[in-house]
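Peer 1: I'd like to go over a predicted model; first the sequence, then the structure.
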Amino acid sequence: MDHRIVNKIIMRINKLGRSSVFTPKDFLDLTSHETTRKILSRLAEEGKIRRLLRGVYDYPAFSRILNAPANPDPDAIAHAIARNHGWTIVPTGETALNILGLSTQVPAQMQYFSDGPTKKYAWKGGTLVLKHRTNKETTKLSPKTALMVQALKNLGEAHIDDTVLETLRSKVDARDRTRAVEEARYATSWVYEIIKRLAKIVQAPDA
């Protein structure tokens, strides 16, 4: 096996950083899929990376609390799978709320809308469900806009208060908030009004 290619893959993994999740397709610009697959498999056997699912690996962080490798990042797993298949995914329900910090409850399973087939993935300590769905609220939107739309819909209009808006302020930067006003015009009307309200609230301090 070409050690130069091995070193290049290791260097990229190091650059991606701890908790990153990847598949062989993330290295196709360096070598063939089969060669990458073999290299990742060997690195996993050597304990340098961790195999989570068939063809899906992570570079685990270390948990001082557990005194062991930390649990993998479910959202990173979802996006690695989506990249691998060329799917577009959008977190939904409790998953969207958790990612945006609007809920401290960790979902029993991470759920996403996907323009790919409905699929379920399970690894030690976690479950991921991709639900096939394409509509105006999940397609042709930037990831942050789609995430905000799904989170707001799951909360419900009656539960949107200043605390929610302040949390969104801290999680979504000014550029993404402005983009959301442009992109979310075809979302449910009350969701769009909340997004416009959020943009108005946060634009003045950012000026």
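Peer 2: Sure, I can see it.
Peer 1: Dump the C-alpha coordinates for stretch 146-155 into CSV.
Peer 2: In CSV, the C-alpha atoms belonging to stretch 146-155 read as follows (Å, rounded to 0.1, in the frame of the first residue of the first chain):
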residue,chain,number,x,y,z
ALA,A,146,-34.5,24.8,6.7
LEU,A,147,-33.3,24.0,10.2
MET,A,148,-35.0,27.2,11.6
VAL,A,149,-38.3,26.4,9.7
GLN,A,150,-38.5,22.9,11.1
ALA,A,151,-37.6,23.9,14.6
LEU,A,152,-40.2,26.7,14.7
LYS,A,153,-42.9,24.4,13.3
ASN,A,154,-42.1,21.8,15.9
LEU,A,155,-42.4,24.3,18.7
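Peer 1: Run the chain-centre distance for that stretch.
Peer 2: Counting by CA atoms, centre = their mean, to the nearest Å, stretch 146-155 is centred 15 Å from the centre of its parent chain.
Peer 1: Next: stretch 174-187.
Peer 2: Computed by CA atoms, centre = their mean, the chain-centroid distance of stretch 174-187 equals 19 Å.
Peer 1: Tell me which residues of it come out buried.
Peer 2: Neighbour counts over stretch 174-187 (16 or more other CB atoms under 10 Å) mark 176, 177, 179, 180, 181, 183, 184, 187 as buried. In short, each C-beta sits where N, CA and C put it, glycine included.
Peer 1: Repeat that for stretch 66-85.
Peer 2: By neighbour count on 16+ other CB under 10 Å, the buried set for stretch 66-85 is 71, 72, 73, 74, 75, 76, 77, 78, 79, 80, 81, 82.
Peer 1: of all the residues you listed, which two lie farthest apart?
Peer 2: The span of the buried residues of stretch 66-85, defined through CB to CB, is set by 71 and 82 at 20.0 Å.
Peer 1: ok, back up a step: among the buried residues of stretch 66-85, which lie within helices?
Peer 2: Using DSSP state H, the subset of the buried residues of stretch 66-85 located in helices is 74, 75, 76, 77, 78, 79, 80, 81, 82.
Peer 1: what's the closest of these to residue 39?
Peer 2: The closest of these to residue 39 turns out to be residue 80 (CB to CB; 16.7 Å).
Peer 1: For burial, what's the neighbour tally of the closest residue to the closest one other than its chain neighbours?
Peer 2: Residue nearest to residue 80 in three dimensions, not counting chain neighbours: residue 21, with 4.2 Å by CB to CB, 6 or more residues apart in numbering. Residue 21 has 26 neighbouring residues, counting by other CB atoms under 10 Å.
Peer 1: Tell me who's in contact with residue 21.
Peer 2: Applying CB atoms under 8 Å, 6 or more residues apart in numbering, one finds that residue 21 lies in contact with 52, 56, 57, 58, 72, 73, 76, 77, 79, 80.
Peer 1: how close does it sit to residue 53?
Peer 2: To residue 53, residue 21 is 10 Å away according to CB to CB, to the nearest Å.
Peer 1: Overlap in contacts, these two.
Peer 2: By CB under 8 Å, 6+ apart, the residues touching both residue 21 and residue 53 are residue 77.
Peer 1: Pipe the buried residues of stretch 174-187 into JSON lines and attach distance to residue 87 per row.
Peer 2: Formatted as JSON lines, these follow (distance: CB to CB, whole Å):
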{"residue": "176", "distance to residue 87": "22"}
{"residue": "177", "distance to residue 87": "26"}
{"residue": "179", "distance to residue 87": "22"}
{"residue": "180", "distance to residue 87": "22"}
{"residue": "181", "distance to residue 87": "27"}
{"residue": "183", "distance to residue 87": "20"}
{"residue": "184", "distance to residue 87": "22"}
{"residue": "187", "distance to residue 87": "21"}
